[in-house]
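Sharing a model that was predicted from the sequence below.
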Number of protein chains: 2
Amino acid sequence: MERAKFILDEKDMPTQWYNIQADLPEPLPPPLHPATGKPLGPDDLAPLFPMELIMQEVSQERYIDIPEEVQEIYRTWRPTVLHRALRLEKFLDTPAKIFYKYEGTSQAGSHKPNTAVAQAYYNKKEGIKRIATETGAGQWGSALAMGCMFFGIELKVYMVKISYEQKPYRRILMETWGATCVPSPSPDTKAGRDILAKDPDCTGSLGLAISEAVEDAMNRDDTHYSLGSVLNHVMLHQTIIGEETIKQMEMADAYPDIIVGCIGGGSNFAGQFLPWMRDKISGKKPDLRIICVEPQAAPTLTRGPYAYDFGDVAGLTPLLKMHTLGHEFMPAPVHAGGLRYHGMAPIICHLYNLGFVEARAVHQLDTFESGLTFARTEGIISAPEPCHALSVAIEEALKCKETGESKNILIAHSGHGHFDLAAYDAYLSGKMQNYEFPEAKMKEALAHLPEVSSA
Amino acid sequence: MERAKFILDEKDMPTQWYNIQADLPEPLPPPLHPATGKPLGPDDLAPLFPMELIMQEVSQERYIDIPEEVQEIYRTWRPTVLHRALRLEKFLDTPAKIFYKYEGTSQAGSHKPNTAVAQAYYNKKEGIKRIATETGAGQWGSALAMGCMFFGIELKVYMVKISYEQKPYRRILMETWGATCVPSPSPDTKAGRDILAKDPDCTGSLGLAISEAVEDAMNRDDTHYSLGSVLNHVMLHQTIIGEETIKQMEMADAYPDIIVGCIGGGSNFAGQFLPWMRDKISGKKPDLRIICVEPQAAPTLTRGPYAYDFGDVAGLTPLLKMHTLGHEFMPAPVHAGGLRYHGMAPIICHLYNLGFVEARAVHQLDTFESGLTFARTEGIISAPEPCHALSVAIEEALKCKETGESKNILIAHSGHGHFDLAAYDAYLSGKMQNYEFPEAKMKEALAHLPEVSSA
């Protein structure tokens, strides 16, 4: 009998995060101050983040201890299971072995709590009573609501109004965990009031919601801001995914030939692949392939230039060196809301430019076809984001069928699609469409990169 | 450090179901034929169920092997985790130790697939190509859709029309797994057509949906019918829950003083407590308390007489000896749809009458208060049904706080509430109400018990 699951006991849960910055052959380009164009100092970020997170952002330590208080919360759902997709393999009739590390069993249903819990902890430790954040479809807002609940921190979430109205379940999830959630634009901030004065029916945008959350945090001494992706400390917290998987692949007596995951801001996939990167950077496993999968609607790595740009649409954040479609670029409304982002985690961009990771852009209909195949073999209903990873994993497994190779394919599966069933309905009823990449829109957006972008 | 989770490796998953019928001090009263009032024979059920399930229904074998093909599917999500509710204990400041066996990590989100997969397997083995079933809120329909998907069986689900319209996500879930789901009443059966001719706007009922599914199965040689609760073989398949928990409580070095679960048709809680019943029946653990929790809106054990009655509202099924509120009794619209049933599994009723289990009825608002406490300590969003168990578990834990006793309380937790967030919204916004037990309505319904009811 082949094993279907590789399960770690909680006593074997990793107790340190892995910091790739210690092993990079070249250091990361620094973030720049949006006004001066000069590298940011810790003090510039202190109004928004606790000092321990700011220090993690630039740390060169290889391993950072996971605080006992964070481990204790992690253990309410971690370690997560590594599955072998035996039924998918059989369906595809492939000699490949397909593994998937599944983060959907966290209480919030995704990998996001790995950093939400850590961020809430460090804020609590610094005496912060309240956090403000933004959320689009609600995935990050709900994860942070759960994280703040565990540490008794008040949370205010500015949720893009159109999602607030269309996705009430995510809003209720946040409220069940005790957070306050308002539609953005809101009358609670100057940024929100200004927009509402001009356009009372404005349905909001992620960029505007960021502006509201940042303004909220800047204006109150007891309040910080929190971000669920892109930043180095977020990637760091997610490495527990890959550290667990390394132990579990050893239990399976298998080493991956290909690791595949979806990227939007990059946090789930970086969490999986960064710990494996040690073997690739050191030259121990030069042939290990790491494939980042992005939507054709927002193909940041495959189409965007590598330049300094703002993290948000409104142009308020520090400047990050990353592949970008331009901070004013608005991706088409694909169902994978978590992948609709103009930029990408600087760590992933850096590794891409150093040639350590590959990237591929896929079409929405192909991703849902793969999601349906997965649901009808493994049973799990995947969120639209990991369906991108499934699509390329299936493609690679079918290549193995042609060549007869028995490769080990490891999928970073970020979570379930229980709140995304309307997307499956659209697919099943033939109402879903693909979106070609709008090159002209990108060029227009790139014309508005900040002046220091080519630094 | 106290352990938060007790995890079984898949190689330690039980390979046999436990059949309580082998150990009952008195045998179960037999089901009766609805027309003749005489005990049913296997042939009476053969048009609806495969013979192996019919034999399990009356088997006196203590242990029944779980077929290897069923084990293989079970292993896609089983064994499930036994949690220690350390954060809930701390919040309640109780010396009690609270454990919960959580079935919410199955792909369908509840314990229902334990029997859905087994039933699909035995039907497949008998050459059945198609199954018809009914579903109310969609929990059973989606679990059976998943079970049938695994064995390549076609499934038609008659879903009560009002739920079909109000709960599209459950319908999409079934379709994603490949099932066909129609609103009941439907034009596809005579029962449906007759109602639609009289009342085209009829919103349906579970009784009517059963009639449609049974008619569908009776009229086609390739089609069987399937039921997700009440029957002995369903309870049998669920005993894997308790068999796993026994091993896990040993890992925790703890024996339960109290086991608590919710009952609607009884399948989740019986699945947990039946294996423990061996120790109680044998006299080894006479003090073990087993508490069945039901809603005040449908307090079958606590208020209904023990009598032969139909399983369905329309009066088509065999007669079962059970506590019943009368098959025409329509419970108030509490959010715990799975507990809105006029009858109860005959096995549970029998054990209740023999004095082996207790019963308690609780109010809806109390259950959601407990669900919220659980969400804000353990993080898990519980379905409305297990919130009933949480309510009594918390009450017992608080009694321990008063007395200083360190009891072990084990909760049967049937699944998550990701599709029930509208109920949390109603609770949080103060729009939820309690329903007093309508005694007059029960008396009226009991006046229409079948003639043989007092047999």
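On my side now, so go ahead.

Every contact and neighbour count from this point should use C-alpha atoms.
Fine.

and the residue in the stretch 1-150 of chain A that chain B sits nearest to, how many neighbours?
Going by Cα to the nearest Cα, chain B is nearest to A:Gln107 of the stretch 1-150 of chain A, at 5.2 Å. Residues near A:Gln107, counting by other Cα atoms under 10 Å in any protein chain shown, number 20.

Would you mind measuring from the residue lying closest to it once chain neighbours are set aside to B:Cys387?
For A:Gln107, ignoring the flanking residues on the chain, the nearest one in space by Cα to Cα, 6 or more residues apart in numbering or on different chains is B:Ile380 at 5.2 Å. According to Cα to Cα, to the nearest Å, B:Ile380 and B:Cys387 sit 11 Å apart.

Between those two, tell me which one has more neighbours.
B:Cys387 (30 against 25).

Am I right that the more buried one falls within a helix?
Yes: B:Cys387: assigned to a helix according to DSSP: H, G, I helix; E, B strand; the rest coil.

Help me confirm that A:Leu32 comes into contact with A:Pro42.
No: contact between A:Leu32 and A:Pro42 fails when scored by Cα atoms under 8 Å: they sit 11.6 Å apart.

okay, the two: which has more neighbours?
A count of neighbours by other Cα under 10 Å puts A:Leu32 above the other of A:Leu32 and A:Pro42, at 23 against 15.

Which parts of the stretch 251-400 of chain A are helices?
In the stretch 251-400 of chain A, the helices defined using DSSP state H, counting those that start in this stretch lie at A:267-281, A:300-303, A:346-353, A:364-375, A:384-403.

Check which residues of stretch A:279-287 are buried.
For stretch A:279-287, burial by neighbour count (16 or more other Cα atoms under 10 Å in any protein chain shown) applies to A:280-281, A:285.

Would you check that A:Val452 makes contact with A:Leu320?
No: contact between A:Val452 and A:Leu320 fails when scored by Cα under 8 Å: they sit 10.5 Å apart.

overlap in contacts of the two?
Common neighbours of A:Val452 and A:Leu320, using Cα atoms under 8 Å, 6 or more residues apart in numbering or on different chains, are A:Tyr308.

Looking at these two, which is more packed in?
Using other Cα under 10 Å, the more surrounded residue of A:Val452 and A:Leu320 is A:Leu320, with 25 against 15.

Correct me if wrong: that one contacts A:Cys349.
No: A:Leu320 is not in contact with A:Cys349 according to Cα under 8 Å; the separation is 10.5 Å.

Now the common contact residues for these two.
By Cα under 8 Å, 6+ apart, no residue touches both A:Leu320 and A:Cys349.

Spit out the contact partners of whatever residue of the stretch 251-400 of chain A ends up closest to chain B.
Residue of the stretch 251-400 of chain A nearest chain B, by Cα to the nearest Cα: A:Ile380 (5.2 Å). When contacts are counted by Cα under 8 Å, 6+ apart, A:Ile380 is found next to A:374, A:416, B:107.

Now do the residue nearest to A:Leu82 when sequence neighbours are not counted, the pLDDT please.
Take A:Leu82 and drop its neighbours on the chain: the residue closest to it by Cα to Cα, 6+ apart is A:Lys101, 4.4 Å away. In this model, A:Lys101 is scored at 98, pLDDT.

do A:Ser184 as well
95.

Output the contacts of A:Ile380 as CSV; include the columns pLDDT and distance to A:Glu215.
Output for the contacts of A:Ile380, formatted as CSV (pLDDT from 0 to 100; distance: Cα to Cα, whole Å):
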residue, pLDDT, distance to A:Glu215
A:Phe374, 98, 42
A:His416, 97, 33
B:Gln107, 97, 41
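
Of these, which is the nearest to A:Ile64?
Proximity of the contacts of A:Ile380 to A:Ile64 (Cα to Cα) peaks at A:His416, which lies at 29.1 Å.

The helices of the stretch 251-400 of chain A: which one's closest to A:Met55?
helix A:346-353 (16.0 Å).

In that closest one, which residues are buried?
In helix A:346-353, counting by 16+ other Cα under 10 Å, buried: A:346-352.

List the contacts of the closest residue to A:Gly415 other than its chain neighbours.
Among residues not flanking A:Gly415 along the chain, A:Gly104 sits closest, at 3.7 Å (Cα to Cα, 6+ apart). Contact analysis of A:Gly104 by Cα under 8 Å, 6+ apart lists A:110-111, A:413-416.

Same check on A:Tyr424?
Contacts of A:Tyr424 by Cα under 8 Å, 6+ apart are A:368, B:172, B:176.

Tabulate the buried residues of stretch A:279-287 in TSV, adding columns for distance to B:Ile409.
As requested, the buried residues of stretch A:279-287 are arranged in TSV below (distance: Cα to Cα, whole Å):
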residue	distance to B:Ile409
A:Lys280	49
A:Ile281	51
A:Lys285	50
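
A:Leu316: which of those is nearest?
A:Ile281 (34.4 Å).

How many neighbouring residues does the residue nearest to A:Leu82 have?
So A:Lys101, with other Cα under 10 Å, has 24 neighbours.

Neighbours of A:Thr36, how many?
9.

Looking at per-residue confidence, what score does it get?
At A:Thr36, pLDDT is 89.
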